[in-house]
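Engineer: give me a model of this one.
(2 chains)
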Number of protein chains: 2
Amino acid sequence: MSARLLVVDDIPANVKLLEAKLTQEYYEVITANSGKEAIERAKEESPDVILLDVMMPDMNGFETCRALREDHATAHIPIIMVTALSEKKDRIQGLEAGADDFLTKPVNDMALFARVKSLVRLKVMVDELRLRGQTGIEFGMDNALDKSKIVEARIMVIDDDVVESRKMLEKLANFTQNIFSISEPIDVIDKLIANNIDVVLVSTQMSDFDGLRVCSQIRGNEATRSISIIGVVDEMDTKSIIKGLEIGVNDYITSPVDVNELLARVKTQIKRKRYQDALRTNFRTSVSLAVTDGLTGLYNRRYMDTHLENLMNECVEKDRSMCAMMIDIDHFKMVNDTHGHDVGDEVIKQFAERIGHNMRPADMVVRYGGEEFTVILPGTNLESGALVAERIRQRIANLPFKVNTPDGKLEKTCSIGITTLNRAGGDTPALLIKRADEALLEAKRTGRNKVVALPNLYPKPQK
Amino acid sequence: MSARLLVVDDIPANVKLLEAKLTQEYYEVITANSGKEAIERAKEESPDVILLDVMMPDMNGFETCRALREDHATAHIPIIMVTALSEKKDRIQGLEAGADDFLTKPVNDMALFARVKSLVRLKVMVDELRLRGQTGIEFGMDNALDKSKIVEARIMVIDDDVVESRKMLEKLANFTQNIFSISEPIDVIDKLIANNIDVVLVSTQMSDFDGLRVCSQIRGNEATRSISIIGVVDEMDTKSIIKGLEIGVNDYITSPVDVNELLARVKTQIKRKRYQDALRTNFRTSVSLAVTDGLTGLYNRRYMDTHLENLMNECVEKDRSMCAMMIDIDHFKMVNDTHGHDVGDEVIKQFAERIGHNMRPADMVVRYGGEEFTVILPGTNLESGALVAERIRQRIANLPFKVNTPDGKLEKTCSIGITTLNRAGGDTPALLIKRADEALLEAKRTGRNKVVALPNLYPKPQK
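Structural biologist: Numbering: from 1, shown residues only, chains lettered A, B, ... in the order given. So this is what the prediction gives:
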């Protein structure tokens, strides 16, 4: 996919050259001539990938990279360092500063495009998950991309070269205990899932197996799709490097492997993986949190508001009856005021459990507010509904709650109002709930610890 | 990226041929020999893209496509129809059955791979957003991919060919009123944003402008990245088609444009766009819903639980004081019991607003539960905090709430407990809240409508 790239170099001719190549490939290119300018432009224009020269006066590429990583607004943008340096220790320094990869000048076009494509794919995905930075802040996870949690990483090496494989395993063992190794890629998917792997190193030089095929299996399976893959590739084998990136390999290292570079690349992948995992978890959690009540695990009012109308329409269409119940714990306030909120919470929780146990899976049980609950019973008429309500009332009144008070228990009762859907038409969720609420008020006014059923007439007849 | 593809054809030789081509490109391929088998395998193996033959005995491709679209488990999987038919009306029938595109036999490899790549990208993105189907169900939006909401679509045509452009606009006008047209792609991004465009049709045959460059600008900008792009391409110009798909064009139509095919393709894109927009909105909403209270808009307890500890640590590190306040509306239960929940809700809302108005941006105001509120005041000592609390108490007691009761107002008071962070160490969020709660209970026991401040000693001294 096309994307916006920031090219940073202090030599204008170098900027021009990269800009021309990338523009030709239909990327949008913005440029900067120094580290300082790069940081400013990155903040203003949020590019998808940054191509960063290493040797620059004032602020070099390593310093610039570190500064970009430290700023919340730019920390997630992939960075490729473009350098004339080819020493391994320079690569490691760059990876440790936060770079995602290196390209050596003169830049090989195919390698450049493959790398950019792969990082754009990553960036676009992360953007979707982070909602341009919102999520992290709301959930207090700004620092998920930092170095704190990478030590418990789970790594698998797939290589039939015993010497190379052992060398990698020994180095990784200094970093984490959770290392797995297979020399034949048999049942790879199962093994990755069973061992809950974060990063897998796959050799593309196995004699009897095609390493790229293994990578494509991993990417082709939903369950393993988000595992980071690092290819272990012969330095001359540009074709495998490019094909690998296209298939979805996240990074590669050339063999014979330099173990320090290996460790730096593995750490980068783990950081990225952890960050994406955290974003996904947040997303999943937030979706379920948004519709459930934290204390009781019941659905909340928001969920009811979304679904009640559908449920009502369905019952009208299928000509089935439906009941709505409002339940309220009598004199609940006294519990909080006398024993404190923790005891009050305990009562609410147990109360919710008892209601839940009396309902069928098709019923919708909702914590409406503090000590009030709503239950929707599709396919139930008023007579049957009232029997259910009466059963709940008895189960509450007859069995004290076990709580942390001096005598270890608390007797409570509840009042219940129940009404039924007016299938003749004109009924709305608000009217239905309002009627159930009026039935509840009637129960409260006339002595509590009782069930009042209100026929579906609205406005209700004058008494 | 690699992915799992389902190839469906009743003639084994055709299956073999496509399987070989796609496997060669490192895709994972599964196969089916009939429509019925295709539906089963699609459900079991959730492929990323389905390549579907049209002419099959028993159940043809159109029927199979419709069945896949109607099943919630497979409705979102992109489908490419592979057909010997080249009649426009067959293409339209296929698009209307829910296909995303057509490939004509014999299949051109480059076109096949470009199309598959583009649809895999779409599928992977949608998968992330739909959490394998969870979100939709929770939020009651199973049917977002249906036809109901596509009529209000906003469409822009970018083409310098006046005749072709007018032909497209006239056809689209039968479908939606929100059509925009420009003959020169100047300030495209601004115009797309200003008109809130869903789908843009971009000609790649303009005389003075490169249409693909326009497409890459749209994709390179975060604000327009999710707009659907349909390329209008010369039929012979396979190069532009493939490059376009690579850049991120969603679909293309060959010119001279068949207006019925145009409409069918536009509708498909709008459906996809609407579905993805709904997923994104759900995601965004759910993140903010998860941490806020629906009635008051204040933060909820979940948010407090996540952030209070950080806030406490920060105050300890910087040696700043911090207060925690628990506020409770006195005899609130009576409001619900006497006037019903809608009046009660109104009081809670206005109460929350009044608290909010008395706080600084750095303070955290939380609806703790029903009629209880927590306020955290970083950088405030107990003495100042108690003054703030007393101000709140007065503002509540002195000004009745305007509500929908016979006399239009309701006088209420509140009780407040306040405590301060013990910076000497050992304090936890639970202990802090517990102390504030004890101060509140003390205020309740000793007459209500008052503020009680509790020193940060714990366990508190015997009285």
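Engineer: buried sites along stretch A:329-347?
Structural biologist: A:329-330, A:332-333, A:335-337, A:339-341, A:343-347 (16 or more other C-beta atoms under 10 Å in any protein chain shown). The way it works is simple: take the backbone N, C-alpha and C, and place the C-beta from them, glycine included.
Engineer: also stretch A:187-194?
Structural biologist: A:188-189, A:191-192.
Engineer: secondary structure class for the residue nearest to A:T104 when sequence neighbours are not counted?
Structural biologist: In space, and not counting its chain neighbours, A:T104 is closest to A:S86: 5.4 Å by C-beta to C-beta, 6 or more residues apart in numbering or on different chains. Following DSSP: H, G, I helix; E, B strand; the rest coil, A:S86 is assigned to coil.
Engineer: among the buried residues of stretch A:329-347, which lie within strands?
Structural biologist: A:I329 (DSSP state E).
Engineer: and of the buried residues of stretch A:329-347, the nearest to B:S415?
Structural biologist: Taking C-beta to C-beta as the measure, B:S415 lies nearest A:D337 of the buried residues of stretch A:329-347, at 9.3 Å.
Engineer: quick one: the residue nearest to A:T104 from A:G94, how far?
Structural biologist: 12 Å (C-beta to C-beta, to the nearest Å).
Engineer: for the buried residues of stretch A:187-194, which one is nearest chain B?
Structural biologist: A:I189 (10.3 Å; C-beta to the nearest C-beta).
Engineer: mind checking how far whatever residue of the stretch 301-450 of chain A ends up closest to chain B is from A:K349?
Structural biologist: Across the stretch 301-450 of chain A, the shortest distance to chain B (C-beta to the nearest C-beta) belongs to A:G370, at 2.6 Å. Per C-beta to C-beta, A:G370 is found 13 Å from A:K349.
Engineer: quick one: which of these two has more around it?
Structural biologist: The residue with more neighbours, out of A:G370 and A:K349, is A:G370; 22 against 16, by other C-beta atoms under 10 Å in any protein chain shown.
Engineer: and that one, what is it in contact with?
Structural biologist: A:332, A:348, B:369-371 (C-beta atoms under 8 Å, 6 or more residues apart in numbering or on different chains).
Engineer: out of the residues you listed, which are inside helices?
Structural biologist: Counting by DSSP state H, these place A:I348 in helices.
Engineer: how about the contacts of A:G370, which pair is most distant?
Structural biologist: Distance extremes for these: the farthest pair is A:I348 and B:E371 at 14.0 Å, using C-beta to C-beta.
Engineer: thinking again about what came up before, switch the buried residues of stretch A:187-194 over to JSON lines; also include pLDDT, secondary structure and distance to B:M1.
Structural biologist: Output for the buried residues of stretch A:187-194, formatted as JSON lines (pLDDT from 0 to 100; DSSP: H, G, I helix; E, B strand; the rest coil; distance: C-beta to C-beta, whole Å):
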{"residue": "A:V188", "pLDDT": "95", "secondary structure": "helix", "distance to B:M1": "17"}
{"residue": "A:I189", "pLDDT": "95", "secondary structure": "helix", "distance to B:M1": "16"}
{"residue": "A:K191", "pLDDT": "96", "secondary structure": "helix", "distance to B:M1": "22"}
{"residue": "A:L192", "pLDDT": "96", "secondary structure": "helix", "distance to B:M1": "17"}
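Engineer: for A:D101, list each beta-bridge partner.
Structural biologist: A:I80 (DSSP bridges).
Engineer: how far away is it from B:A67?
Structural biologist: From A:D101 across to B:A67, the span is 45 Å (C-beta to C-beta).
Engineer: who has more neighbours, these two?
Structural biologist: Using other C-beta under 10 Å as the criterion, A:D101 and B:A67 rank with A:D101 on top: 23 against 18.
Engineer: with adjacent residues omitted, what lies nearest to the most centrally placed residue in chain A?
Structural biologist: The structure's chain A has its C-alpha centroid closest to A:R280; by C-alpha atoms, centre = their mean the separation is 1.7 Å. Spatial nearest neighbour of A:R280, chain neighbours left out: A:L129 (6.5 Å); criterion: C-beta to C-beta, 6+ apart.
Engineer: on that earlier part again, so the residue nearest to the centre of chain A is in which element?
Structural biologist: Per DSSP states H and E, A:R280 falls inside helix A:259-291.
Engineer: and the next element down the chain from that helix?
Structural biologist: Under the assignment DSSP H and E, the closest C-terminal helix or strand after helix A:259-291 is strand A:299-300.
Engineer: mind giving me the domain split of chain A?
Structural biologist: A:1-132, A:143-286, A:299-454 (automatic domain parsing).
Engineer: off-centre distance for the shortest one?
Structural biologist: Which is domain A:1-132. 27 Å (C-alpha atoms, centre = their mean, to the nearest Å).
Engineer: what is the subsequent helix or strand relative to the helix or strand of chain A with the lowest mean pLDDT?
Structural biologist: The weakest-scoring helix or strand in chain A, judged by mean pLDDT, DSSP states H and E, is helix A:134-138 (a mean of 50). Where DSSP H and E defines the elements, the next helix or strand beyond helix A:134-138 is strand A:155-158.
Engineer: export that following strand to PDB, keeping only CA atoms.
Structural biologist: Taking C-alpha atoms only, strand A:155-158 is exported to PDB below (Å, rounded to 0.1, in the frame of the first residue of the first chain):
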ATOM      1  CA  ILE A 155      11.300 -18.200  21.400                       C
ATOM      2  CA  MET A 156      11.500 -21.100  18.900                       C
ATOM      3  CA  VAL A 157      14.400 -21.800  16.500                       C
ATOM      4  CA  ILE A 158      13.700 -23.900  13.400                       C
END
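Engineer: who's in contact with the helix or strand just after it?
Structural biologist: Next in sequence after strand A:155-158, counting helices and strands by DSSP H and E, comes helix A:162-173. With C-beta under 8 Å, 6+ apart as the test, helix A:162-173 has contacts from A:155, A:157, A:159, A:179, A:181, A:183, A:201, A:203, A:232, A:255-257, A:259-260, A:262-263, A:266.
Engineer: if we use 7 Å, what do you get?
Structural biologist: By C-beta atoms under 7 Å, 6 or more residues apart in numbering or on different chains, the residues outside helix A:162-173 that reach it are A:155, A:157, A:159, A:179, A:181, A:183, A:201, A:255-257, A:259, A:262-263, A:266.
Engineer: same thing with stretch A:384-399?
Structural biologist: By C-beta under 7 Å, 6+ apart, the residues outside stretch A:384-399 that reach it are A:323, A:325, A:327, A:351, A:354-355, A:358, A:377, A:412-414, A:416, A:418, A:420, A:449-451, A:453.
Engineer: tell me how far it lies from the chain's centre.
Structural biologist: Between the centre of stretch A:384-399 and the centre of its host chain there is 40 Å, according to C-alpha atoms, centre = their mean.
Engineer: ok, now stretch A:319-328?
Structural biologist: That offset, for stretch A:319-328, works out to 36 Å (C-alpha atoms, centre = their mean).
Engineer: A:T374: which element?
Structural biologist: Using DSSP H and E, A:T374 sits within strand A:372-378.
Engineer: still on that earlier bit, among the domains of chain A, which comes closest to B:R301?
Structural biologist: Counting by C-beta to C-beta, and looking across all of the domains of chain A, nearest comes domain A:299-454 at 10.2 Å.
Engineer: average model confidence for the closest one?
Structural biologist: Across domain A:299-454, pLDDT averages out at 91.
Engineer: gap between the two ends of it?
Structural biologist: Start-to-end span of domain A:299-454 (C-alpha to C-alpha, to the nearest Å) is 25 Å.
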